Each structure stands twice: as structure tokens, then as C-alpha cells.
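Visitor: Just a sequence and a predicted model for now, questions to come.
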Amino acid sequence: MTATPIGNARDITLRALDALAACDAIAAEDTRVTSKLLAIHGIARPLFAYNDHNAAGARPKLLKRLREGQRIVLVSDAGTPLVSDPGYRLVREALAEGIAVHALPGPSALLAALALAGLPTDRFLFAGFLPPKSGARRSALQEVGDARATLIFFESPHRLAESLADMADVLGPRQAAVGRELTKLHEEMRRGDLPSLASAYAGETLPRGEITLVVAPPKEAAPDLARADGLLDKALQFMPVRAASDLLAEALDLPRHALYERALAKRKGA
């Protein structure tokens, strides 16, 4: 598997160019797209299609060639193969037969968008493409909405405004970013809260290009310390502040720092 540029043709690794030039054949999601990339870099290798439409028939032929020792490079139209692209079953079956599989990393729209969004990057969830119909889309958003992670989606320009409106309704006024044409000449990263973005895109002409949506995680709810107050009062009668707050934090699954500050205030006020 070899990652290919998501826009700028120069965003290809030296290792990827070596693999494409030296392989026996290239399995591409769309041979027309890949042939343009190969032409830019002066590479001419046998090229055939492997995509969602022909995978069932093409996969056995690919596996046969791999068993014979051929070196096959799998590429998608853009970015990293298998990320919302065909290839998972091919990799799974190759591994089941003991065929060596290697990943040549490189461009990825979801990582580029995450880096540019200005939202938390320590934990994120990639949810791929949302369903095209609003009801199913809202259900999908509810499933991932409580995840304590930044959410990343791919979306069609034709459904962008509708998807943002559903996100605003289901997820609330979270901060978000809309990445369009990343790494290309007309790259755009628009940031704001979901209601504002939904309103803005609803009033504009359809955007062009590939769309990646990044949505902030839900805000942390303030800890409910009311139920700990009575227990803290009792514990502080015979325990130090640190020990009492640690004990109740573990017993009640509450933040240790917040309980410590509360216990300290109680001890000082006593």
C-alpha cells in the first residue's frame, strides 16, 4: 500500500516513487487518476483497476499474482489506501495467506485537516463519510457525538450545508473547521462554530473540491461535587486533607484536584 498526494503532485515520498517505479504492477482505484500521477513523475508500469465495483472479481487475480511473487503496489485516487477507500479485504486475505504486506506512509487528508483545524489533536475519531440522508446522518452523529475526541469526517460538496446543519442540531455549537482542496492551489480552511458554518454554507453557492470536516470534542461537564460535601465533612474530622480527598475521589469517581481544593477550603474555613 502506497500513499499518494491528495492534491499537490510533489507531495509524494521518495520511497513511494521507488516502489511505483520498481513494482510489477499497480492496482489503482481509478487508473485515469493514477496514470496522470505516473506521467508527472515519468513512471510507466502496468496499471489495472481495483475498486469497490470490481473488487470481488479482481481480488482473486491479485492474490494469485502475489502468491507468484509479484510486487503489487495498491494506491487510491488520493491519500492513504484503505482510509475510506477499497483495500481492506485484499489486505486481510493476503495476510491470511501469509503474503507480506507493507505500508508506505504519506499524504492523508484527515491528518492534514486535523493539523490545520486548530482543535485538540491528542485524541481523534475518524468517522469517514456520513450517510447521505438526514435521518441516518443524525443517527450516525448521535453514535459518535459523546466521544471525548475530535471528530473527523469526509463529505461531498453537495451535502456540506445539510451535514453542517445536522451537526449543529445534534452536536450543538461546537467549534469546527471545514477543509477544502487541501494542499491544492485554492486550499481553504474555514473555522467557526457549527451553527455559523452551517448558516454560511447554506447561503453560498456549492463549494468545489474534496471536503474534510473537523469538529471539536464535547466540553467537559463540571464535576458535581455536591454529593461529596457531606462525606468530606465527615472524613476531615479524622483524616488529613490529601488522604480524605484521594479516598473520596476514588470512591466517587470525581477529579482528585477538585476534591482536594474543596477539602482544603473546608479545612481553612473550619
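Guide: Great, that's in hand. All values derive from a computational prediction rather than experimental measurement.
Visitor: excluding its backbone neighbours, what's nearest residue 165?
Guide: The spatial neighbour of residue 165 that comes closest, neighbours along the chain excluded (Cβ to Cβ, 6 or more residues apart in numbering), is residue 198 at 4.4 Å. Yep, even glycine has a C-beta here, placed from its N, CA and C like the rest.
Visitor: wait, what's in contact with that neighbour?
Guide: Counting by Cβ atoms under 8 Å, 6 or more residues apart in numbering, residue 198 makes contact with 161, 164, 165, 167, 168.
Visitor: What is the helix or strand encompassing residue 234 packed up against?
Guide: Applying DSSP states H and E as the criterion places residue 234 in helix 226-235. Packing contacts for helix 226-235, counted by 3 or more Cβ pairs under 8 Å, 6 or more residues apart in numbering; DSSP states H and E, involve helix 241-252, helix 256-269.
Visitor: Flag every buried residue along the last one.
Guide: Spelled out, that is helix 256-269. Neighbour counts over helix 256-269 (16 or more other Cβ atoms under 10 Å) mark 259, 260, 262, 263, 266 as buried.
Visitor: export those residues to TSV and tack on distance to residue 64 and pLDDT?
Guide: Putting the buried residues of helix 256-269 into TSV (distance: Cβ to Cβ, whole Å; pLDDT from 0 to 100) gives the following:
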residue	distance to residue 64	pLDDT
259	63	86
260	65	87
262	68	86
263	69	88
266	74	84
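Visitor: Which ones among the contacts of residue 198 lie within helices?
Guide: Those of these mapping onto helices are 161, 164, 165, 167, 168, per DSSP state H.
Visitor: shouldn't the first one be in contact with residue 202?
Guide: Yep, that's residue 161 we're talking about. Yes - applying Cβ atoms under 8 Å, one finds residue 161 in contact with residue 202, separated by 4.5 Å.
Visitor: Those two: which is more packed in?
Guide: When residue 161 and residue 202 are compared for neighbours, residue 161 comes out ahead with 20 against 12, by other Cβ atoms under 10 Å.
Visitor: Perfect, that will be all.
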